[in-house]
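Chemist: Sharing a model that was predicted from the sequence below.
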Amino acid sequence: MSGEPTQVRAAHRFDEANLERYLTRHVEGFAGPLDVKQFAGGQSNPTFLLSAGGKHYVLRKKPPGVLLKSAHQVDREFRVMKALAATEVPVPKMYVLCEDESIIGTSFYVMEFLDGRIFRDPQLPGLSASERAAIYDGMNDVLARLHKVDLAKTGLGDFGKPGNYFERQIARWIMQYRAAQTDDIAEMEKLIEWMPRHIPADDSVTIAHGDYRLENSIFHPSEPRMIAVLDWELATIGHPLADLAYNCMGYHVMNPRQGGLVGIDFKATGIPTERDYVSRYCERVGRGAIDDWSFYVSFSVFRLASISQGVYKRGLDGNASSETAAQLGNYCRFLAEHAWRLANSRL
């Protein structure tokens, strides 16, 4: 994983000695003394680098404080990655899930630390056009592999409710938005009314990652090859086009932290156009042309607007996992405006 970890932030400190005793008992080969650092990324579940006995591990935990219902489910992250270890989807090795909050104050799990590259800027500065093309093709390939996973064979048949994915998701993100709402945003109100009435008839069912983007993966240190998909907190049995559209949001919206792909020279950079990226995915999964693409992309931006409002509210409450969360006050409004424009476009 890339990005230099730092000292554990004050709001996320826990009993490290208690954690060391627990891991010594429950992780084969684990031996102290334990050193804990915190990764800067992760707006939702705080993530830590554990070093002990010459080995490295990664710990993800629920954040402190009062949490929204159904959010921060680290047990689901652990379960889906453990199940996918037997498939062609690259995931880190899972070591232990602990739901005993007396150990460090919240539920957590520990997984393998992978040495590789995390690309936070989707424009991939500093790489060649051929490397960029290969990285985007690798991301596309892994998403297609995920959507071809056999739910029954992996034991994930009960990981969510099959069918009616968008009805349930729209209701969920409206509820999450209302629970974290701080201002009146006209476009969010329009979307809340429009979304349920424009759900496409296609009711495909697959495992859906829920937050599939370049930043949530690790690539080989020197090869343009994805070695792990991370951040499975929002994973469920869902609709494959929800994942694909979310993965394509950078073609439509510039993220204030990571940027995006709006207005770039695709031919010069080697990055595929949205049309080519979507077509390649469809070839890999055996899908024909996608109708109602505007709905899928608009829904993805709407959902991110709701998530961003939750991050902002946690920042105001002082328990967000990123110190920049409180600076995102206008991002929900920005995304809602984009989502409404997309809803009224024909992509």
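Modeler: Here it is on my side, so go on. Residues are numbered from 1 along each chain as shown.
Chemist: could you pull out the strands for the stretch 201-347 of the chain?
Modeler: Along the stretch 201-347 of the chain, the segments classed as strands by DSSP state E, counting those that start in this stretch run 206-208, 217-219, 226-229, 236-238.
Chemist: Same list, the ones you listed, but as JSON lines with mean neighbour count please.
Modeler: Using the backbone N, CA and C atoms, a C-beta is placed for each residue, glycine as well. Converted to JSON lines, these look like this (neighbours: other CB atoms under 10 Å):
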{"stretch": "strand 206-208", "mean neighbour count": "24"}
{"stretch": "strand 217-219", "mean neighbour count": "22"}
{"stretch": "strand 226-229", "mean neighbour count": "22"}
{"stretch": "strand 236-238", "mean neighbour count": "22"}
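Chemist: among those strands, which is nearest Ala40?
Modeler: strand 217-219 (15.5 Å; CB to CB).
Chemist: What lies in contact with the closest one?
Modeler: 1, 114, 116-119, 135, 138-139, 142, 225-230 (CB atoms under 8 Å, 6 or more residues apart in numbering).
Chemist: Using ChimeraX, define a selection of the buried residues within those.
Modeler: Buried residues among the contacts of strand 217-219 (16 or more other CB atoms under 10 Å), as a ChimeraX selection:
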select :1,114,116,117,118,119,135,138,139,142,226,227,228,229,230
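Chemist: one step back: include distance to Tyr95 and mean pLDDT when you put the strands of the stretch 201-347 of the chain into CSV, please.
Modeler: Converted to CSV, these look like this (distance: least, CB to CB, whole Å; pLDDT from 0 to 100):
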stretch, distance to Tyr95, mean pLDDT
strand 206-208, 22, 96
strand 217-219, 17, 97
strand 226-229, 14, 98
strand 236-238, 23, 94
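Chemist: can I get those in JSON lines with distance to Glu20?
Modeler: Putting the strands of the stretch 201-347 of the chain into JSON lines (distance: least, CB to CB, whole Å) gives the following:
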{"stretch": "strand 206-208", "distance to Glu20": "34"}
{"stretch": "strand 217-219", "distance to Glu20": "26"}
{"stretch": "strand 226-229", "distance to Glu20": "25"}
{"stretch": "strand 236-238", "distance to Glu20": "33"}
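Chemist: Tell me which of these sits nearest to Glu101.
Modeler: strand 236-238 (23.8 Å).
Chemist: other SSEs contacting that closest one?
Modeler: Applying 3 or more CB pairs under 8 Å, 6 or more residues apart in numbering; DSSP states H and E, we find strand 236-238 packed against helix 165-180, strand 206-208.
Chemist: related to what we said a few turns ago, among the strands of the stretch 201-347 of the chain, which comes closest to Gly318?
Modeler: When the strands of the stretch 201-347 of the chain are compared by CB to CB, strand 236-238 sits nearest Gly318, at 29.3 Å.
Chemist: List the strands paired with that closest one, with their directions.
Modeler: strand 206-208 (antiparallel) (DSSP bridges).
Chemist: and the strand it pairs with, how far from the chain's centre?
Modeler: Computed by CA atoms, centre = their mean, to the nearest Å, the chain-centroid distance of strand 206-208 equals 13 Å.
Chemist: still on that earlier bit, closest one to Asn319 among the strands of the stretch 201-347 of the chain?
Modeler: Short answer: strand 236-238, nearest of the strands of the stretch 201-347 of the chain by CB to CB, at 24.6 Å.
Chemist: what about Ile339, how many neighbours?
Modeler: Careful, residue 339 is Ala; it's not Ile. 28 (other CB atoms under 10 Å).
Chemist: got a list of what it touches?
Modeler: Counted by CB under 8 Å, 6+ apart, Ala339 has contacts 187, 191, 298-299, 301-302, 305.
Chemist: can you tell me which of those residues lies nearest to Asp243?
Modeler: Phe299 (11.5 Å).
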